[in-house]
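Colleague: model this:
(chains A and B)
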Amino acid sequence: MGTALKSFTWGDPSPFGRYRKPLIVIILSTIFVLAFLPGLISSYDPMAQDIQNRLMPPRLGTWFGTDHFGRDVFSRVVFGFRTSILIAVSSVVIATVLGVTIGSFFPYVGGWVDLLIQRFMDILLAFPFLLLAVIVMAAFGSSIPTVVTAITIGLIPQVARLTRSTTTSTWSLPHVMAARAMGATQVRILVKHILPMSLRPVIAFSSGFLGTAIVAEASLSFLGLGVPHNIPSWGTILQDGSKFLEVAPWLVIFPSLVLTGTIVVFSLLEQSVRWGTGSSRTW
Amino acid sequence: MNLNDPLLVQYLRWAELMVRGEFGGRSLVDGRAISLLVSRQLPVTGLLFVYALAVSTIIWVPLGLVSAYHRGTPLDTGLRLIVLPGRTIPSFVMALFIILCFLSIFKWSPPIVYTGVFKDWSNHVQIMMWPVMLLVWECGSHILPVTRASVLDWLDTPFVLVARAKGLSEKAILLNHALSNAWHPIIAVVGVQATTMFSSVIILEAMFGIPGVGRGLVESAMARDYPVVQTLVTILVFTVLVWNVVVDVISVLASPRSPGSPVTMLQGIET
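Modeller: Predicted coordinates:
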């Protein structure tokens, strides 16, 4: 805890100290179990309604109480994690792959194509993140693929810009020039020499987007623009709960604590990745 | 809506409306003129931004200075810990907790109907206070560390050592030597915060019932009211671009090396 606090406040050492590897394994396997086998932990169907037992306070079995349809909130939170992690991981992975491709390939193509792409990325960067997501949701309607698209579009320009700045400086390094002199093709140079060198900071950077994506998905669903209502999601759980603040505060308290805890865990993981890749936070 | 026309003609018609200030015609939902909608919503959100930015600059820049000056002490760590939740906890969760606390402890909830400053200032303060406070908290988690780091950079320079050797007071060193040079990254981060803050503004407006652009955007997005969404987005992105230029100009003017900077003029330094 001491090192976690220190790395959280100063951002320098690895947050997990010397237990880094076992702790990361534990965290990742917990995430894996929660995401792929939610039925192991929750004992109820997240969509099963029980009108007689609605808005019940937490007790044994229904740990987080029940909502206004009598659905078990704990099960909904557990299943909502699957939605969150599915959306977060897929949007971050897609955004990283596309961002790295755009950011490394087009500077090498150069010319007006590169300029055009760069300006387009600048335009996307001018949009506040959630505004862009709201536009996409408004245009395509709410479904999981749309949410992934909405978050991905917001993340791509950031990854692309970082990749661009880390790769362009490596084009003139001696061993890259040597490879070119030996007659290696541009694509080979890009894949064999440029990308391995510049990917570390990019991966560290995009690992931080997992938390951002989780918050974005929850925010969109909270506003009613995200995941459709027949799929449990933390945003919709909180949205439902916020209508019963006075009579059933537990509907909001526990899910939001879980959400906050998840974001803290993800930012510690990000810090650990940054530490592992040797690219500490600069602030 | 002339949907039969070629896309280019439709686009040009829309662009003409935008330029003439009619902002994309009428809403699809209730047929009201969009310009009316915008002229009601924009000032509200503008006020929210002005409050949040002003308060956060006034609070966090001096605290960043304090944090830099007392680096490594419990005061420094404490300030950092205060600011951290603003970065980690999503704003709608914080807002839910605030509303919950007031409801259950004080049996009080923020007013539901928004009023302007001049119409009923106490109602205005009551409804704007909490979103502004949350926005300020969020800004703090970016402004405070940047101020601290930037001031620290300058505190380590030889010319601060010289100033200290001359026997200048610590206050003079901090304000005239460190802070006046450290403005550049601080202005940059305040500028960036103003745009990234908009994500939280959308949510907070919807939660606290503030009839601004953010809530308008969400409502029209849910109703699939395309002309309204289009107009609001165009105006917002245009505002962001203008704001970025303004921030750039300010940061050039505030640099002590530029001859016309107010800092230079105030200190009467020959350049």
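Colleague: only C-alpha atoms for contact and neighbour calcs from this point on.
Modeller: Fine.
Colleague: any chance you could map the strands in the stretch 101-250 of chain A?
Modeller: In the stretch 101-250 of chain A, no strands are defined using DSSP state E, counting those that start in this stretch.
Colleague: For it, which residues are neighbours of chain B?
Modeller: For the stretch 101-250 of chain A, the contact set with chain B under CA under 8 Å from any CA of the partner chain comprises A:126-131, A:134-135, A:137-139, A:215, A:219, A:223-225, A:242, A:245-246, A:249.
Colleague: change it to 7 Å
Modeller: Applying CA under 7 Å from any CA of the partner chain, we find that the stretch 101-250 of chain A lies next to chain B at A:126-131, A:138, A:215, A:225, A:245-246.
Colleague: Going by neighbour count, which of those residues comes out on top?
Modeller: Among those, residue A:225 has the most neighbours (other CA atoms under 10 Å in any protein chain shown), with 27 neighbours.
Colleague: May I have the residues that are in contact with it?
Modeller: A:137, A:142, B:222 (CA atoms under 7 Å, 6 or more residues apart in numbering or on different chains).
Colleague: at 8 Å instead, please
Modeller: Under the criterion of CA atoms under 8 Å, 6 or more residues apart in numbering or on different chains, the neighbours of residue A:225 are A:134, A:137-138, A:141-142, B:218, B:221-222.
Colleague: Mind listing what's buried along the lengthiest helix in chain A?
Modeller: If you go by DSSP state H, chain A has its longest helix at helix A:73-109. Neighbour-count burial for helix A:73-109, counted by 16 or more other CA atoms under 10 Å in any protein chain shown, picks out A:73-96, A:98-108.
Colleague: list the helices and strands that helix packs on?
Modeller: Applying 3 or more CA pairs under 8 Å, 6 or more residues apart in numbering or on different chains; DSSP states H and E, one finds that helix A:73-109 contacts helix A:20-36, helix A:111-126, helix A:144-168, helix A:195-207, helix A:209-223, helix A:234-241.
Colleague: gap between that helix and the chain center?
Modeller: Computed by CA atoms, centre = their mean, to the nearest Å, the separation of helix A:73-109 from the middle of its chain amounts to 6 Å.
Colleague: Stretch B:211-219 too?
Modeller: That offset, for stretch B:211-219, works out to 17 Å (CA atoms, centre = their mean).
Colleague: quick one: is it near chain A?
Modeller: Yes - residues of stretch B:211-219 contacting chain A under CA under 8 Å from any CA: residue B:218.
Colleague: circling back to that earlier point, filter the contacts of residue A:225 down to the ones in helices?
Modeller: Checked against DSSP H, the contacts of residue A:225 include these in helices: A:134, A:137-138, B:218, B:221-222.
Colleague: For residue 217, give me the pLDDT.
Modeller: This is for chain A. Per-residue pLDDT puts residue A:217 at 93.
Colleague: hm, I was asking about chain B
Modeller: Per-residue confidence (pLDDT) for residue B:217: 91.
Colleague: Could you verify my assumption that it touches residue B:232?
Modeller: Yes - between residue B:217 and residue B:232 a contact is recorded at 6.9 Å, counting by CA atoms under 8 Å.
Colleague: Which positions in the stretch 151-271 of chain B make contact with chain A?
Modeller: Counting by CA under 8 Å from any CA, the stretch 151-271 of chain B sits next to chain A at B:195-199, B:202-203, B:206, B:218, B:221-222, B:224, B:226, B:229, B:233, B:237, B:240-241.
Colleague: For ChimeraX, write the select line for the buried members of the residues you listed.
Modeller: The buried residues among these can be selected in ChimeraX (16+ other CA under 10 Å) with this line:
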select /B:195,196,197,198,199,202,203,206,218,221,222,224,226,229,233,237,240
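Colleague: Identify the residue spatially nearest to the residue in the stretch 51-200 of chain B positioned nearest to chain A, adjacent ones excluded.
Modeller: Closest to chain A within the stretch 51-200 of chain B is residue B:199: 4.8 Å, counting by CA to the nearest CA. Once flanking residues are discounted, residue B:199 sits nearest to residue A:130: 4.8 Å by CA to CA, 6 or more residues apart in numbering or on different chains.
Colleague: Pull the contacting residues for that neighbour.
Modeller: A:216, B:198-199, B:202.
Colleague: Which ones among those lie within strands?
Modeller: Residues of the contacts of residue A:130 located in strands (DSSP state E): none.
Colleague: Quickly check the residues you listed for the two that are furthest apart.
Modeller: A:216 and B:198 (12.9 Å; CA to CA).
Colleague: got the contacts of residue A:225 as TSV, with distance to residue A:206 columns?
Modeller: Converted to TSV, the contacts of residue A:225 look like this (distance: CA to CA, whole Å):
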residue	distance to residue A:206
A:134	22
A:137	23
A:138	26
A:141	27
A:142	25
B:218	28
B:221	29
B:222	30
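Colleague: In terms of distance to residue B:180, which of these ranks first?
Modeller: Among the contacts of residue A:225, and counting by CA to CA, the member closest to residue B:180 is residue A:134, at 39.7 Å.
Colleague: Find me the pLDDT at residue A:9, would you?
Modeller: pLDDT, read off for residue A:9, is 50.
Colleague: now swap in residue B:271 and tell me
Modeller: At residue B:271, pLDDT is 40.
Colleague: Ok, residue A:162 next?
Modeller: Looking at residue A:162, its pLDDT reads 89.
Colleague: Would you quantify the distance from it to residue B:19?
Modeller: 36 Å (CA to CA, to the nearest Å).
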